[in-house]
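> okay, predicted coordinates and the sequence, questions at the end:
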Amino acid sequence: MVSSEASAGETCSPEFTREYGITKPISLSGPSGSDLQRSRELEKFLASAGLYESEEESKLREEVLAQIDEIVKKWVKRLTREKGYTEQMVEESNAKVFTFGSYRLGVHGPGADIDTLCVGPEYADREEDFFILLHDMLAEMPEVTELNRVPDAHVPVMKFKFRGISIDLLYASVALRIVPDDLDISQESVLYNVDEQTVRSLNGCRVNEQILRLVPNVEHFRTTLRCMKFWAKRRGVYSNVTGFLGGVNWALLVARVCQLYPNAVPSMLVSRFFRVYTQWRWPNPVMLRSITEEELGFPVWDPRKNPRDRTHHMPIITPAYPGMNSSYNVSTSTLRVMTEQFQQGNKICEFFDQNRILS
């Protein structure tokens, strides 16, 4: 999308050594002293708005995740024994818990749930082993409350609270007899011999890992994303269900702006966010990397081949294979509302930028 991005009126230097994303950056300019000051003020504002959890809650989350990881390891050893495998196989059997969503991206707030994924071996299935055996194990634990399984969801999930922390737990059985502790789920090899339901379960983690790898500065990305999510909620445009954008959509939009301005600090990135998306020519897609088609054969977003993809109004493509449009719920009316909000935000940022120049 060079045409939409470059029209922001900034040029890029030929001296850059690395490109982020599918185009050259719009600008390599770094922050001025006032930009740094405004970024510090932005972080103070976000903290005063209650967007950061306490150290106590942060420590509790870490403890809860460690306990859930222990539970699924006990679960997989138990089912391995019950399925008649050897004691050596029982000893070597393993399952691993990954996180995704706002917690993995580092932008969660107080009281937020934790999106988690349990990855188990090929012989541990979702229907009986996960939704029955593991469910029953959790049901017996005093730390677990509000346990609920949703096997028929688009992405099957088990929901519960563990020591008061809300957990959404997905499951993926991969084509491995033994799941290594150092499993890298960003590799396409984890998708071998799995069904589309498993691909969807793995996708949240895989997308998050790619986002964090594809932004120039993770901390600047996180602060900017916290700000934009807060803004979107205040402006009534944060909801995937009602045709606006959800967490992953906002993360992808912010990540693309970070790629276009790799040396910018959060105060600059917020302003550039509104500038870029006020001028964006939808339905040109927002992409952090080129869409790849692997030999695995899963469908990817491609309006040239798929008629349904041509009907998407605001395509924001996930960066992990198989690349999908994460914002397919957006309609012409919700896109119009969001465009108006982007324009309003851009006017406000331009006003402050102009005043800074004059002062």
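Sure, I can see it.
> what helices and strands are in contact with the longest strand seen in the chain?
In the chain, with assignment by DSSP state E, the single longest strand is strand 165-173. With contacts defined as 3 or more CB pairs under 8 Å, 6 or more residues apart in numbering; DSSP states H and E, strand 165-173 has these neighbours: helix 55-82, strand 114-120, strand 157-162, helix 196-214. Backbone N, C-alpha and C define where each C-beta goes, glycine included.
> looking at these, which is buried most?
Of all those, strand 114-120 has the most neighbours on average by mean count of other CB atoms under 10 Å, namely a mean of 25.
> now do that strand: everything it contacts.
Strand 114-120 is contacted by residues 61, 64-65, 68, 72, 76, 95-104, 108, 129-130, 134, 165-174, 179, 183, 185, 190, 201-202, 204-205 when judged by CB atoms under 8 Å, 6 or more residues apart in numbering.
> just the buried members of those residues?
The neighbour-count criterion (16 or more other CB atoms under 10 Å) marks 61, 64-65, 68, 72, 76, 95-104, 108, 129-130, 134, 165, 167-174, 179, 183, 185, 190, 201-202, 204-205 among the contacts of strand 114-120 as buried.
> starting from the longest strand of the chain, tell me which strands it pairs with and how they run.
On the basis of DSSP bridges, the sheet neighbours of strand 165-173 come out as strand 114-120 (parallel), strand 157-162 (antiparallel).
> kindly calculate the angle that that strand makes with helix 55-82.
Per axes from the mean of the first three to the mean of the last three CA atoms, to 10 degrees, the angle that strand 165-173 makes with helix 55-82 is 30 degrees.
> can I get the CA coordinates of strand 165-173 in PDB?
Extracted C-alpha coordinates of strand 165-173, given in PDB (Å, rounded to 0.1, in the frame of the first residue of the first chain):
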ATOM      1  CA  ILE A 165      -8.100 -15.200  37.300                       C
ATOM      2  CA  SER A 166     -10.300 -15.800  34.200                       C
ATOM      3  CA  ILE A 167      -8.800 -18.300  31.800                       C
ATOM      4  CA  ASP A 168      -9.800 -19.200  28.200                       C
ATOM      5  CA  LEU A 169      -8.100 -22.500  27.400                       C
ATOM      6  CA  LEU A 170      -7.900 -23.900  23.900                       C
ATOM      7  CA  TYR A 171      -6.400 -27.200  22.800                       C
ATOM      8  CA  ALA A 172      -4.400 -28.300  19.800                       C
ATOM      9  CA  SER A 173      -3.200 -31.900  19.200                       C
END
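> sorry, back to before: now the helices and strands packed on strand 165-173 as a markdown table including distance to Arg234?
Converted to a markdown table, the helices and strands packed on strand 165-173 look like this (distance: least, CB to CB, whole Å):
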| stretch | distance to Arg234 |
| --- | --- |
| helix 55-82 | 23 |
| strand 114-120 | 23 |
| strand 157-162 | 27 |
| helix 196-214 | 23 |
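> quick one: those as a markdown table, columns for distance to Ala255 and mean pLDDT too.
Listed next are the helices and strands packed on strand 165-173 as a markdown table, based on distance: least, CB to CB, whole Å; pLDDT from 0 to 100:
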| stretch | distance to Ala255 | mean pLDDT |
| --- | --- | --- |
| helix 55-82 | 24 | 98 |
| strand 114-120 | 18 | 98 |
| strand 157-162 | 25 | 98 |
| helix 196-214 | 5 | 96 |
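> Gln354 is nearest to which of these?
Nearest to Gln354, of all those, is helix 196-214, at 32.2 Å by CB to CB.
> and the closest one, what does it pack against?
Using 3+ CB pairs under 8 Å, 6+ apart, helix 196-214 is in contact with strand 96-100, helix 101-105, strand 114-120, strand 165-173, helix 218-234, helix 247-260.
> in its sheet, what does the first one sit against?
Within its sheet, strand 96-100 is paired with strand 114-120 (antiparallel), according to DSSP bridges.
> what's the angle from the partner strand to helix 196-214?
Using the same axes, to 10 degrees: strand 114-120 against helix 196-214 is 120 degrees.
> convert the C-alpha atoms of strand 114-120 to PDB, please.
C-alpha atoms of strand 114-120 as PDB (Å, rounded to 0.1, in the frame of the first residue of the first chain):
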ATOM      1  CA  ILE A 114      -5.700 -14.800  30.000                       C
ATOM      2  CA  ASP A 115      -6.000 -16.500  26.600                       C
ATOM      3  CA  THR A 116      -4.100 -19.800  26.800                       C
ATOM      4  CA  LEU A 117      -3.400 -22.800  24.500                       C
ATOM      5  CA  CYS A 118      -2.600 -26.300  25.600                       C
ATOM      6  CA  VAL A 119      -0.600 -28.200  23.000                       C
ATOM      7  CA  GLY A 120      -0.700 -32.000  23.400                       C
END
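> averaged pLDDT, the very next helix or strand once past that strand. What do you get?
Going down the chain from strand 114-120, the next helix or strand is helix 135-139, by DSSP states H and E. For helix 135-139, the mean pLDDT works out to 98.
> so Ile316 touches Pro285, yeah?
Yes - contact status for Ile316 versus Pro285: in contact at 7.1 Å, counting by CB atoms under 8 Å.
> what is in contact with the two at once?
Asn325.
> for the two, indicate the residue with more neighbours.
The residue with more neighbours, out of Ile316 and Pro285, is Ile316; 25 against 19, by other CB atoms under 10 Å.
> partner residues bridging the more buried one?
According to DSSP bridges, the partner residues bridging Ile316 are Val286.
> contact partners for it?
When contacts are counted by CB under 8 Å, 6+ apart, Ile316 touches Leu245, Asn249, Leu252, Leu253, Pro285, Val286, Asn325, Ser326, Ser327.
> surely the fifth one meets Pro319?
No - in this structure, Pro285 is not within contact of Pro319 by CB under 8 Å, at 11.6 Å.
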